[in-house]
Every structure is written in C-alpha cells, then in structure tokens.
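In: give the three-dimensional model of this entry:
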Amino acid sequence: MYYCILCEEIHALKYSECETVFSSGFHYYNLTLYNAGMCQCEYCHLEEEHSASA
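Out: Residues are numbered from 1 along each chain as shown. Coordinates of the predicted model:
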C-alpha cells in the first residue's frame, strides 16, 4: 500500500510501470504511515492523452 501524491488516495501496489513509490518519502493517512508514491508516471499519462485525442 502507498499514498498517491497525485490523487491523494491509498492504493495497493500492483508493481506496474505506471507506479512510482518513493523509498524515502512517507505520508500519514488516518494515523497510519505509508510510503509516498504516484499512481501514474508521466510517460503513461502522456500515452493516455495521446490515445484519447486520436
């Protein structure tokens, strides 16, 4: 589990290319300490925008 700094939610780690979890970044959520991360990397986000406009 990690806290996404982009959408501000807790996610289960799926070990996909579109997830980045920081080894030195942490965030408290409901009194629980989680690793901080991002659920979509910039590369995947750009691919989604490109496919949506095609």
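In: quick one: contacts for residue 9?
Out: Listed by C-beta atoms under 8 Å, 6 or more residues apart in numbering, the contact partners of residue 9 are 3, 39. (Each C-beta comes from the backbone N, C-alpha and C, glycine too.)
In: now the strands for this structure?
Out: Per DSSP state E, the chain carries strands over the ranges 2-4, 10-11, 20-29, 32-38.
In: same list, these, but as TSV with mean neighbour count please.
Out: As requested, the strands of the chain are exported to TSV (neighbours: other C-beta atoms under 10 Å):
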stretch	mean neighbour count
strand 2-4	22
strand 10-11	15
strand 20-29	13
strand 32-38	16
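In: now render those strands as TSV, adding mean pLDDT.
Out: Formatted as TSV, the strands of the chain follow (pLDDT from 0 to 100):
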stretch	mean pLDDT
strand 2-4	92
strand 10-11	90
strand 20-29	90
strand 32-38	93
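In: look up the closest residue to residue 38, ignoring the ones flanking it.
Out: Nearest non-adjacent residue to residue 38, counting by C-beta to C-beta, 6 or more residues apart in numbering: residue 20, 4.7 Å away.
In: repeat that for residue 36.
Out: Residue nearest to residue 36 in three dimensions, not counting chain neighbours: residue 25, with 3.6 Å by C-beta to C-beta, 6+ apart.
In: residue contacts, that neighbour?
Out: By C-beta under 8 Å, 6+ apart, the neighbours of residue 25 are 5, 35, 36, 37.
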